[in-house]
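1. curious how this folds, go ahead:
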Amino acid sequence: MGIISAIGNSVAENLSSLQQGKCGIGPLEMFQSTFSGKLPVGEIKISNEALKQQLDADEQGIIRGSLLALHAVEEAIASSGLTAEQLSSFDTALIGANTVGGMCQTDEMYHDSKVGLQGSEFISSYDHSVTNMYLQKRFAINGPIDTINTACSSSANAIMYGARLIKSGRAKRAIVGGVDSLAKFTINGFNALHILSPDICTPFDEARKGLNLGEGAAFLVLEREQDAAGKKIYAYLSGYANSTDAFHSSSLSDDGIGPYKAMSDALVAAKLQPSQIDFINAHGTGTENNDRTESIAMLRLFGTVPPFASTKGNTGHTLGAAAAIESIYAILNLTGQELFQGLHFKTPIDGAGLKPVQSYQQMPLTHVMSNSFGFGGNCSSLIFSKA
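-> Reported below is the predicted structural model:
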């Protein structure tokens, strides 16, 4: 596993921050925006220039998303012990997710056009798949490669797709995950939807005002158990499912049909009963629509809802990276047999009455569910089980 987020630059740093209940959400500082000082964000306080130097990445036109992804992938590769030969093998897949792609450099490209330059270095990196193409070249990956954009469920679907490539025999191992960086394009777009909170987000709270955008990257290496002999196995990906309620372009149906079907189908795939889920890393964006519909779906499926919390109060909503980041957090729940508190919660949602975990605690965990529900009603649930 490899990760970089607003609460840490490695798996170990993220774990420590989660255990301490650290919030990485604060003022926007790394670039100028109309909303600087007005809308809190989960920002990684490392400049592009510092990342380039750390990662020895000085290619022309490289975008912040590619730098963050490279940071996470390098940690995942080191953690998994993959060799250069295995990386370049035709049976190693790379499935990455994002929503912004090279559009994060729109302002820079526009600037270059206005000052009379013959083109811009960012034209070649404007493609949505630019990060995966960069990683493919950097690590000489020759196997299946794909980029997925299903909004907030993107990297959950990347993880699922990687697993299916392995199950079908099309790949022996898969590097899966996602990345998104903060950008004016994203902040302006979400602000137009009126779902950004002027305060730090409060998932599952009655007084929630919306989400905080964040940035980050997380990647995992999937292998069959028999191919991972002698390696550190953090967890099993035991179940997964995707559904689409097709209700609205940016909202889930009021009865939570998409989240319900994703969670229930993931349980079927894992051959588990609802009562066997010990903890849920909820999607929990802090928006009016999401938290209510996810609550309704959990109540319908579980009856008595198991302990749950959203880590978006720690990192902000990292969009295409969210599901991969939260998958690593779910795996850390299992490896440490511990629950991390849901930050900033005060009052249960009227009519649902659900309370996320309110303090750090240790407890036996065997199966953890991680939910990711995207725009367009694209809903995905993953289940990780103790190794």
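2. may I see the buried residues of the top helix by length along the chain?
-> Ordering each helix of the chain by length in residues (DSSP state H) puts helix 64-80 first. With burial defined by 16 or more other Cβ atoms under 10 Å, the residues of helix 64-80 counted as buried are 64-77, 79-80. (Each C-beta comes from the backbone N, C-alpha and C, glycine too.)
3. also stretch 289-304?
-> Under 16+ other Cβ under 10 Å, the buried positions of stretch 289-304 are 289-302.
4. okay, helices next: where are they in the stretch 151-300 of the chain?
-> Secondary structure of the stretch 151-300 of the chain (DSSP state H, counting those that start in this stretch): helices located at 154-167, 184-192, 257-270, 288-302.
5. of those helices, flag the one that's most buried.
-> helix 154-167 (a mean of 24; mean count of other Cβ atoms under 10 Å).
6. returning to that earlier point: nearest to Gly102, out of the helices of the stretch 151-300 of the chain?
-> Nearest to Gly102 among the helices of the stretch 151-300 of the chain is helix 184-192 (10.0 Å), distances taken as Cβ to Cβ.
7. distance of the residue positioned nearest the centre of the chain from Val268?
-> Per Cα atoms, centre = their mean, the C-alpha nearest to the average position across the chain is that of Ala322, at 1.8 Å. Going from Ala322 to Val268 by Cβ to Cβ, to the nearest Å gives 24 Å.
8. what about stretch 87-107, average pLDDT?
-> Averaged over stretch 87-107, pLDDT sits at 89.
9. tell me the gap between stretch 97-112 and the middle of its chain.
-> Going by Cα atoms, centre = their mean, to the nearest Å, the spacing between the C-alpha centre of stretch 97-112 and its chain's C-alpha centre is 20 Å.
10. quick one: end-to-end length of that stretch, please.
-> 28 Å (Cα to Cα, to the nearest Å).
11. would you mark the buried spots in it?
-> Those would be 97-107, 109, 112, for stretch 97-112 by 16+ other Cβ under 10 Å.
12. now the strands for the stretch 51-200 of the chain?
-> Secondary structure of the stretch 51-200 of the chain (DSSP state E, counting those that start in this stretch): strands at 92-97, 145-148, 173-180.
13. what residues does the helix-or-strand element of the chain with minimal mean pLDDT touch?
-> When the helices and strands of the chain are compared on mean pLDDT, DSSP states H and E, helix 106-114 comes out lowest with a mean of 73. Helix 106-114 is contacted from outside by 119-123, 126, 183-185, using Cβ atoms under 8 Å, 6 or more residues apart in numbering.
14. take those and lay them out in TSV including pLDDT.
-> As requested, the contacts of helix 106-114 are arranged in TSV below (pLDDT from 0 to 100):
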residue	pLDDT
Gly119	74
Ser120	74
Glu121	72
Phe122	72
Ile123	72
Tyr126	72
Ala183	90
Lys184	89
Phe185	86
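15. closest to Tyr161 out of the residues you listed?
-> Tyr126 (24.1 Å).
16. counting neighbours, what do you get for that closest one?
-> 17 (other Cβ atoms under 10 Å).
17. what values do phi and psi take at Gln358?
-> phi -110, psi -10 (degrees, to the nearest 10).
18. residues contacting it?
-> Gln358 neighbours (Cβ under 8 Å, 6+ apart): 341-342, 345.
19. repeat that for Phe90.
-> Counted by Cβ under 8 Å, 6+ apart, Phe90 has contacts 142-143.
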